[in-house]
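K.L.:
Build me a model from this:
(4 chains)
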Number of protein chains: 2
Amino acid sequence: MVSDALEQDEPAAVGAPGRRRRNSLNREVIVRTAMEAFRGHDLGTLTFQALGRHLSAHPTAIYRHFRDKDDLLLAMLDALHGEALEEMGPRREDWAEELRNLAASTYAVFRRYPAIAHHMATRTTRREHEFALVDRMIWALRRSGLPDLEVGRHFRAFADLVIGYAALDASLDALQPQERAGDLNAWDVDYRRFPEERHPDLAAVGPHLAGVGDPRNFGLAVDLHIEAVRARAAAGPAS
Amino acid sequence: MVSDALEQDEPAAVGAPGRRRRNSLNREVIVRTAMEAFRGHDLGTLTFQALGRHLSAHPTAIYRHFRDKDDLLLAMLDALHGEALEEMGPRREDWAEELRNLAASTYAVFRRYPAIAHHMATRTTRREHEFALVDRMIWALRRSGLPDLEVGRHFRAFADLVIGYAALDASLDALQPQERAGDLNAWDVDYRRFPEERHPDLAAVGPHLAGVGDPRNFGLAVDLHIEAVRARAAAGPAS
DNA sequence: ACCTGAACACCGTTCAAGT
DNA sequence: ACCTGAACACCGTTCAAGT
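P.N.:
Model prediction:
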């Protein structure tokens, strides 16, 4: 049993001492290990030294397979896109449902890998997974009834809204625990019972403030966007 | 003239050699110098060593006035909020115009200080400038006609949409020039003339794709959000 | 009390040396 | 060809030393 486990696939070797077998390192193994190792972790932990430890290899061995850290992070972003596509499943026939599907999957993978989300959200990989995601979003927007000229603008607005909002919530997860706790406490406590005299509107609404980082907030923003797209598409080319 | 310039206010002393006068360093001077020095600059440049050079002081002298880098960055975020409030001017009487005003000012200051935007967008300062911004946004949302319970949810959705989208565009400005150029080129060239066979919808809309980082994309997202808020508010408490 | 200088642990990256 | 080890420049941060 034990020797069996050692034979199959790549040994996880997380934190294990000893050296890596020759030729057992390649881009795919490194990316897969990195995704597993840094899932849910903040920014400071994603270093070559830590990754080397997870690979049971010397930190600089990674440079044989990736030009630099940016090259590795782009490969990880591509893996993230792949995960999003997988979770998305087949194309929904209703365009609005498909847009919600795209948004929800992107949001989920961003929060799963906050370190990648925070410093790669703005990047472009130019790889197949990204092309597929862009194509699906454009398909959905065309189905709404908007003319292609408008779809060209709406793609950017919807994609950036989703990516930007998801990255913002993810970067909250990427905070150091004490900073995260302090910021959350501010919204959960301080802002909820605000003294009336200084800012009357804030004081009135304070008790009803939605929790920061609650996925339903993102859902509301996406729903509002889709409602407005539907209204504009229905209004026809005059809009 | 020359001696006159040396007398008035704080000497800029950017990159100048020599030492700082005793007691000439304090939180306000440091924050003001940091905001001027790193305006428009990327993430890598915002270091204690660089700031020390701009202050003509030893890098570690800053630790007498700020607990750590996070403490300094929170003070800079507060200064950014102050700038946004200033540019916003007086409250607009039309609630939709006021929301656009809030969004545009936030977007402008985020792109002006991309380094602060990128790693402080998700943070909470708990200071007066932030309270004032929150209060103004809640005021505008209440004026839309939404009940306070809904305003509590809509505040979070609108604020995060604005902050997230603005931070995303700002983080593009915070990229290294070569990475930035590569990513922009992908959208301006590759995506615009995509081969038809693989992704037909992308290929059809490619030529009409809006430029990445164009402020009008953010404007479209904000407009759509406001249109949907207006529709929901008009539909009444049933929605 | 306020600033400087030396030191520490850590980071990404380069390059010569091993096998 | 692939991995290791030593080295470099740089980072945030601490702390003793100067004035």
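
K.L.:
Next, the buried residues of the helix or strand harbouring residue A:203.
P.N.:
Using DSSP states H and E, residue A:203 sits in helix A:200-205. The neighbour-count check on helix A:200-205 (16 or more other C-beta atoms under 10 Å in any protein chain shown) flags A:201-205 as buried. C-beta: built from backbone N, CA, C; applies to glycine.

K.L.:
The nearest residue to residue A:225 once chain neighbours are set aside: what's it in contact with?
P.N.:
Closest residue to residue A:225 apart from its sequence neighbours, by C-beta to C-beta, 6 or more residues apart in numbering or on different chains: residue B:224 at 5.4 Å. By C-beta atoms under 8 Å, 6 or more residues apart in numbering or on different chains, the residues touching residue B:224 are A:157, A:224-225, A:228-229, A:232.

K.L.:
Looking at those residues, spot the one nearest DNA strand D.
P.N.:
Taking C-beta to the nearest atom of the strand as the measure, DNA strand D lies nearest residue A:157 of the contacts of residue B:224, at 34.7 Å.

K.L.:
Just the pLDDT for the closest one.
P.N.:
Note on residue A:157: pLDDT of 98.

K.L.:
That one touches residue B:222, doesn't it?
P.N.:
No - assessed by C-beta atoms under 8 Å, residue A:157 is found out of contact with residue B:222, at 9.1 Å.

K.L.:
follow-up on the earlier one: touching the helix holding residue A:203 from outside, list them.
P.N.:
For helix A:200-205, contacts defined as C-beta under 8 Å, 6+ apart pick out A:191, A:194-196, B:131, B:134-135, B:138-139, B:142, B:148, B:151-152, B:155.

K.L.:
could these go into a markdown table alongside distance to residue B:49 and secondary structure?
P.N.:
Converted to a markdown table, the contacts of helix A:200-205 look like this (distance: C-beta to C-beta, whole Å; DSSP: H, G, I helix; E, B strand; the rest coil):
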| residue | distance to residue B:49 | secondary structure |
| --- | --- | --- |
| A:191 | 37 | coil |
| A:194 | 40 | coil |
| A:195 | 42 | coil |
| A:196 | 46 | coil |
| B:131 | 34 | helix |
| B:134 | 35 | helix |
| B:135 | 39 | helix |
| B:138 | 41 | helix |
| B:139 | 43 | helix |
| B:142 | 47 | helix |
| B:148 | 49 | helix |
| B:151 | 46 | helix |
| B:152 | 44 | helix |
| B:155 | 40 | helix |
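
K.L.:
Can you tell me which of the residues you listed is nearest residue A:49?
P.N.:
Nearest to residue A:49, judged by C-beta to C-beta, of those is residue A:191 at 39.4 Å.

K.L.:
Give me the neighbour count for the closest one.
P.N.:
22 (other C-beta atoms under 10 Å in any protein chain shown).

K.L.:
So it sits against residue B:138, correct?
P.N.:
No - in this structure, residue A:191 is not within contact of residue B:138 by C-beta under 8 Å, at 10.2 Å.

K.L.:
Have a look at the contacts of helix A:200-205 and tell me the least confident one.
P.N.:
Across those, the smallest pLDDT goes to residue A:196, namely 88.

K.L.:
how much space between the nearest residue to it once chain neighbours are set aside and residue B:234?
P.N.:
Distances taken as C-beta to C-beta, 6+ apart place residue A:203 nearest to residue A:196, at 4.3 Å, with adjacent residues excluded. Here residue A:203 is placed at a distance of 27 Å from residue B:234 (C-beta to C-beta, to the nearest Å).

K.L.:
what secondary structure does the residue nearest to residue A:225 sit in?
P.N.:
Of the three states, residue B:224 takes helix under DSSP: H, G, I helix; E, B strand; the rest coil.

K.L.:
Now do the same contact list for residue A:208.
P.N.:
By C-beta under 8 Å, 6+ apart, the contact list for residue A:208 reads B:148-149, B:151-153.

K.L.:
hmm, 6 Å instead?
P.N.:
Residue A:208 makes contact with B:148-149, B:152, according to C-beta atoms under 6 Å, 6 or more residues apart in numbering or on different chains.

K.L.:
Can you sort out which of these also neighbour chain A?
P.N.:
Contacts with chain A within those, counted by C-beta under 6 Å from any C-beta of the partner chain: B:148-149, B:152.

K.L.:
ok, the residues you listed vs DNA strand C, which is closest?
P.N.:
Among these, and counting by C-beta to the nearest atom of the strand, the member closest to DNA strand C is residue B:152, at 40.4 Å.

K.L.:
The closest one and residue A:207 touch, don't they?
P.N.:
No - applying C-beta atoms under 6 Å, one finds residue B:152 not in contact with residue A:207, separated by 7.6 Å.

K.L.:
out of those two, which sits in the busier spot?
P.N.:
residue B:152 (20 against 13).

K.L.:
Who's the closest spatial neighbour of the more buried one, skipping the chain neighbours?
P.N.:
Residue B:152 sits nearest to residue A:208 (C-beta to C-beta, 6+ apart), 2.9 Å away.

K.L.:
what about the one you found, distance to residue B:95?
P.N.:
According to C-beta to C-beta, residue A:208 and residue B:95 sit 18 Å apart.

K.L.:
what does residue A:105 give?
P.N.:
Distance from residue A:105 to residue B:95, by C-beta to C-beta: 34 Å.

K.L.:
Residue A:216: how many residues sit nearby?
P.N.:
As a burial measure, residue A:216 scores 13 neighbours (other C-beta under 10 Å).

K.L.:
And it, what's its pLDDT?
P.N.:
We have a pLDDT of 98 for residue A:216.

K.L.:
Just say helix, strand or coil for it.
P.N.:
Applying three-state DSSP to residue A:216 yields a three-state assignment of helix.

K.L.:
Once you drop chain neighbours, what's closest to it?
P.N.:
Nearest in space to residue A:216, with sequence neighbours left out and distances taken as C-beta to C-beta, 6+ apart, is residue A:210 at 7.2 Å.

K.L.:
State the three-state secondary structure for that neighbour.
P.N.:
Residue A:210 - assigned by three-state DSSP - is coil.

K.L.:
That one contacts residue A:217, correct?
P.N.:
Yes - counting by C-beta under 6 Å, residue A:210 does reach residue A:217; the two are 5.5 Å apart.

K.L.:
Settle it for me: which of these two has more neighbours?
P.N.:
Taking neighbours as other C-beta under 10 Å, residue A:210 and residue A:217 compare with residue A:217 leading, 23 against 18.
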